[in-house]
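> just the structure for this:
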Amino acid sequence: MTAQTCRKPLVSAVGVSKHFVMSESLLSRRLTGLLARQVMAVDAVSMEIYPGETVGLVGESGCGKSTFGRVMVGLLQPTSGQVYYGNTPIWGQKSIDRSELKHRAQIIFQNPYSSLNPRYTVRQTIDVALAARGVPPRHRYEEARSLMTRVGLSPDYLERYPHQLSGGQRQRVAIARALATQPEFIVADEPLSSLDVSVQAQIISLLEDLQNEYGLSYLLIAHDLRVVYHMCNRVAVMYGGQIVEFAPTDALYERPLHPFTRQLLGAIPGTGGRRRRNRNGRGHSPAQASFATSIEAESMIDSSQAHIANACQFWPRCEQAAPVCKKSSPELLSLSFGSASAFGASHSDTASGASTEPQGDRLVRCHMAHNRQ
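As a prediction, the model looks like this:
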């Protein structure tokens, strides 16, 4: 029996889709007759996140990662599907109270400068979150001082404005604001992409410490595959709004099954996606090796999201595409490859938080991977 079957998920997405209507300009409508078109950002995505777990979400720019993250915390309403906190939906009848949702779920945005109000001091920014939690005004200053200390900043910064802070300091303020509501679940939407490498290491350490201290669950949206390997218990790979592979971290990095996953891991400089060994003979994922540059999927592949009806979306870019790939869209099916020990030491020993990953079970959306089983 896996850890997931022993306890209930904290957050669940069931068949979540999000479509946006793109209105053409008046000139385009007059000259070309174009009408409003619908863009499918997220397509029937299901995911469960367990207490104390970190799930990574990776993929190229424009594939729907950030949109899905915003749906998970209630910032966007899905076109179809539902998100549940425990057994309570966040949309529709008998949904969770919005104030309770803000208390239980928070998001850390990619750009800490644009996510902070430039006219608010740090203290005012945190006060808004404390007020949402119901903290009385007379207690907010001490709470804000405590939060600043917890994220590694001096309380003296409370009276500063965002433009007076460095990028790393602004991101710490954003984390303090998220913690102010005492959440259980945090979506970290590329929280490191705008920071220097040295500052990234500090933020990673902070997020891990906070998870261990408060028992937080994370959905980590990222491009840097090394960070994902280090922090996550399981990893979901998204392409064109769909999850194409979802597996325990060690299993996915050691044996990627979907062609798109292999492209992502193969882009890590100096490894070609192969596993390395240290002097003690113990296996290391490519993500553990030390490289000077971050890996960003959009630098190697086209970000087109054109939906191909009744076909695998990835087949035009797949080296192993077969005739069946052009005729039918593969389903996201569960495959099993035995114990995780077959891939080396369990990643749960090194990733932050308690182990919640199924031993060897994984989901793959690929005709070729299904046929090999």
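
> contacts and neighbour counts: CA atoms only from here.
Will do.

> need the three-state assignment for residue 45.
Recorded secondary structure, residue 45: strand (DSSP: H, G, I helix; E, B strand; the rest coil).

> tell me the contacts of it?
13-17, 241-243 (C-alpha atoms under 8 Å, 6 or more residues apart in numbering).

> reformat these into CSV and put distance to residue 28 next to each item.
Shown next, in CSV, are the contacts of residue 45 (distance: C-alpha to C-alpha, whole Å):
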residue, distance to residue 28
13, 37
14, 37
15, 34
16, 32
17, 28
241, 27
242, 30
243, 34
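
> list buried residues within these.
Neighbour counting with 16 or more other C-alpha atoms under 10 Å marks 13, 15-17, 241-243 as buried within these.

> which of the residues you listed sits closest to residue 156?
residue 13 (40.6 Å; C-alpha to C-alpha).

> what is that closest one paired to in the beta sheet?
Note on residue 13: beta-bridge partners by DSSP bridges are residue 47, residue 83.

> roughly how far apart are it and residue 206?
For residue 13, the distance to residue 206 equals 27 Å [C-alpha to C-alpha, to the nearest Å].

> please enumerate the helices of this protein.
Under the criterion DSSP state H, the chain carries helices at the ranges 3-6, 26-32, 65-72, 98-104, 122-133, 137-150, 167-179, 197-214, 225-231, 249-254, 259-266, 323-327, 367-371.

> would you mind giving these as TSV with mean neighbour count, mean pLDDT and distance to residue 38 added?
Compiled in TSV, the helices of the chain are given as follows (neighbours: other C-alpha atoms under 10 Å; pLDDT from 0 to 100; distance: least, C-alpha to C-alpha, whole Å):
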stretch	mean neighbour count	mean pLDDT	distance to residue 38
helix 3-6	12	49	36
helix 26-32	10	74	15
helix 65-72	23	95	15
helix 98-104	16	88	28
helix 122-133	21	93	35
helix 137-150	16	94	43
helix 167-179	24	93	33
helix 197-214	16	91	37
helix 225-231	22	91	31
helix 249-254	24	92	33
helix 259-266	20	90	25
helix 323-327	15	86	23
helix 367-371	15	80	28
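
> nearest to residue 316, out of those?
Short answer: helix 323-327, nearest of the helices of the chain by C-alpha to C-alpha, at 8.7 Å.

> what about that closest one, distance to the chain center?
Centre-to-centre, helix 323-327 and its host chain are 30 Å apart (C-alpha atoms, centre = their mean, to the nearest Å).

> which outside residues touch that helix?
Residues contacting helix 323-327 (C-alpha under 8 Å, 6+ apart): 310-312, 315, 367.

> got it, and stretch 86-93?
8-12, 74, 77, 82-84, 94-97, 101.

> how about that stretch: buried residues?
Buried residues in stretch 86-93 (16+ other C-alpha under 10 Å): 89-91.

> if we can go back for a sec, sitting in strands, which of the buried ones among the contacts of residue 45 do you find?
Those of those mapping onto strands are 13, 15-17, 242-243, per DSSP state E.

> any idea how far the closest residue in space to residue 96 that isn't next to it in sequence lies from residue 193?
For residue 96, ignoring the flanking residues on the chain, the nearest one in space by C-alpha to C-alpha, 6 or more residues apart in numbering is residue 90 at 5.1 Å. The gap separating residue 90 from residue 193 is 29 Å, by C-alpha to C-alpha.

> residue 119 now?
The separation that residue 119 has from residue 193, given C-alpha to C-alpha, amounts to 24 Å.

> give me the more crowded residue out of those two.
residue 193 (16 against 11; other C-alpha atoms under 10 Å).

> list the contacts of that one.
Contacts of residue 193 by C-alpha under 8 Å, 6+ apart are 110, 222.

> looking at it, residue 109 is touching residue 194, isn't it?
No - using C-alpha atoms under 8 Å as the test, residue 109 is too far from residue 194 to be in contact (10.6 Å).

> which one's more surrounded, the two?
Set residue 109 next to residue 194 and count neighbours by other C-alpha under 10 Å: residue 109 wins out with 22 against 16.

> who's in contact with the spatially closest residue to that one that is not a sequence neighbour?
Counting by C-alpha to C-alpha, 6+ apart, residue 109 lies nearest to residue 189, which is 5.2 Å off, once chain neighbours are set aside. Residue 189 makes contact with 66, 69, 107-110, 220-222 under the criterion C-alpha under 8 Å, 6+ apart.

> tell me which of those residues has the lowest pLDDT.
For the contacts of residue 189, the model is least confident at residue 110; its pLDDT is 87.

> I'd say that residue and residue 190 touch.
Yes - at 4.9 Å, residue 110 counts as touching residue 190 under the criterion of C-alpha under 8 Å.

> overlap of the contact sets of these two?
Joint contacts of residue 110 and residue 190 (C-alpha under 8 Å, 6+ apart) do not exist.

> ok, back up a step: can you lay out the helices of the chain as CSV showing distance to residue 159?
Below are the helices of the chain laid out as CSV (distance: least, C-alpha to C-alpha, whole Å):
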stretch, distance to residue 159
helix 3-6, 44
helix 26-32, 47
helix 65-72, 30
helix 98-104, 25
helix 122-133, 6
helix 137-150, 11
helix 167-179, 12
helix 197-214, 22
helix 225-231, 32
helix 249-254, 42
helix 259-266, 43
helix 323-327, 58
helix 367-371, 56
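
> check the residue nearest to residue 109 and give its pLDDT.
93.
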